[in-house]
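Engineer: I'll drop the sequence and a predicted model, then ask my questions.
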Amino acid sequence: MYPIGEAAIVITVAALLALGLYYSITRRGHLREDAQTARTRLAKLRRPKALATKQPVGEEDALFIRFNTQFGLMLVYTIEYRPGDFARVMDVQGAFQSATYLEDGRIYELVFDYLKLYNHLFEAPFPIKSLLTIGGGGYAWPKYVIAHHPETSVDVIEADEAVTRIAERYFFLDRLIEEFDVIDTGRMGIITEDGRTYLDEYADAVIHKRPSQYAAIGDYTPACTYDAVVNDTFAGRNAVMNLASVEAAQHIKQLLTPGGMYLSNVISSLEGEQSTLLRQMVATLQQVFAFVCVIPCGKYAAQDRDNNLLIASDRAYHFEHAYDLQADPATPILHDANL
C-alpha cells in the first residue's frame, strides 16, 4: 500500500467534486466524461491514447470506476505513475492499495517499489515452495510470484470477494489464472476469509493435529505449513492491527516451516515521533521470533513515513540495506487485549 501525496489527493478530491453531479445520473454509478475534456482537466488521471487503443471499450474507459467494498469506497483509474509510465491503480480511502501496468508484456510486473522488497524471501538458503499472502487487493504480488517463480505455489487470503472480482476484471487476475492454469495445477488458492480468522483457525488445527475447516476448499487443499507468510493488509491508509499482536505472530509462526520467514509491510518513519508503530511491531515480533530486521523502501529521509519491510524468522539472515532498529525496552508490546 502506498500513501498518496497531498497534491494527488487534492487533484483526486477536486475531480470527484466536479464530477459528483455527473456521476449521480450515470448508469451503474460509473464516472464518465468526454476523453478530451478529461485529459485537459485531469492530465495525470488520464488514459494515454497509446494504451486506450489496446483496452476494450467499456467500463475500463471510464475516468473513475467506483465500488463499495468492506473497506470503504474503492476507485479504479489510470495515472501517469512515472513520467511516460502509466498504471491502473486501486485506490481505497485515498491510498493506493494496488496497481498494474497495462501493456501485455508488463501486466505481471510490480509497479510499487515496496513490493519488490518482498523478493528478499527468495534469498533463503532453501527453495520457497509454498507461500501464504494475507491481503489480495489487486493481487500484484501473487501474480508476480506465479509468473516469475514456477516452483512456488501461493495461497491468497482476501476478506472481500468483491475485491477479488475487481482484481480479475481490472487487474488481470483472470489472465493469470487462465495463462498459468493455476487453479487446476494447484499453484494458487484464493481463500475468501478474514486474515486473522484464518490464522487462528488454521494454527489451532496445526497445534492440535486436527483437520482444519480450510483443509479442503472445493477441489483445492491449502498448504498445511508455508515457507513464507507475507502480510500486506491495509484498510485504506490504516494497518490491520489484529494481525500486529503477539497472538497473531504466534499463530503465523505455527504455520511456518523451520527457517521460514514472515514479511510484513509497515508504513512508518524509521526515526522520530512517527516511528512508534514500527518500533512497537519490532518489539512485538521479538517476543515470538529469534530474528527480526527492518528493510526500508529507501526513498525518503528516516523521519519521513514510508513503506518498510519487516522480516521475522527463527533463523538469522543477512540482508543488504537492513536497518538496525533497536526497540526501546519500554516500547509497549502489542497484544490482542490492548489493540
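Structural biologist: Sure, I can see it. Residues are numbered from 1 along each chain as shown.

Engineer: Spatially central residue (nearest the centroid) of this protein, please.
Structural biologist: Geometric centre of the chain, nearest residue: residue 232, 4.1 Å, by CA atoms, centre = their mean.

Engineer: Verify the stated contact: it with residue 133.
Structural biologist: Yes. With contact defined as CB atoms under 8 Å, residue 232 and residue 133 form a contacting pair (6.9 Å). (C-beta placed from N, C-alpha, C; glycine too.)

Engineer: shared neighbours, those two?
Structural biologist: Common neighbours of residue 232 and residue 133 (criterion: CB atoms under 8 Å, 6 or more residues apart in numbering): residue 141.

Engineer: so who does the residue nearest to the centre of the chain touch?
Structural biologist: Contact analysis of residue 232 by CB under 8 Å, 6+ apart lists 1, 115, 133-135, 137, 141, 264-265.

Engineer: try residue 88
Structural biologist: The contact partners of residue 88, by CB under 8 Å, 6+ apart, come to 76-78, 99-100, 102, 170-171.

Engineer: Relative to residue 337, how far out is residue 268?
Structural biologist: 23 Å (CB to CB, to the nearest Å).

Engineer: Mind checking which of these two has more residues around it?
Structural biologist: Taking neighbours as other CB atoms under 10 Å, residue 268 and residue 337 compare with residue 268 leading, 24 against 8.

Engineer: so that one touches residue 308, yeah?
Structural biologist: Yes. Contact criterion CB under 8 Å: residue 268 and residue 308 qualify, at 6.0 Å.

Engineer: so what's in contact with these two at the same time?
Structural biologist: Counting by CB under 8 Å, 6+ apart, the contacts common to residue 268 and residue 308 are residue 278.

Engineer: got any ranges where this protein has weak pLDDT?
Structural biologist: Per-residue confidence for the chain (pLDDT under 70) gives these ranges: 1-63, 203, 205-223, 235-238, 299-302, 324-329.

Engineer: show me where it has strands.
Structural biologist: Along the chain, the stretches classed as strands by DSSP state E are 2-3, 65-69, 72-82, 85-92, 95-101, 130-134, 153-158, 188-192, 226-231, 234-235, 238-239, 256-268, 291-296, 306-313.

Engineer: Columns distance to residue 322 on top of those, output as JSON lines?
Structural biologist: Below are these laid out as JSON lines (distance: least, CB to CB, whole Å):
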{"stretch": "strand 2-3", "distance to residue 322": "22"}
{"stretch": "strand 65-69", "distance to residue 322": "35"}
{"stretch": "strand 72-82", "distance to residue 322": "27"}
{"stretch": "strand 85-92", "distance to residue 322": "29"}
{"stretch": "strand 95-101", "distance to residue 322": "25"}
{"stretch": "strand 130-134", "distance to residue 322": "21"}
{"stretch": "strand 153-158", "distance to residue 322": "25"}
{"stretch": "strand 188-192", "distance to residue 322": "30"}
{"stretch": "strand 226-231", "distance to residue 322": "17"}
{"stretch": "strand 234-235", "distance to residue 322": "23"}
{"stretch": "strand 238-239", "distance to residue 322": "21"}
{"stretch": "strand 256-268", "distance to residue 322": "13"}
{"stretch": "strand 291-296", "distance to residue 322": "4"}
{"stretch": "strand 306-313", "distance to residue 322": "8"}
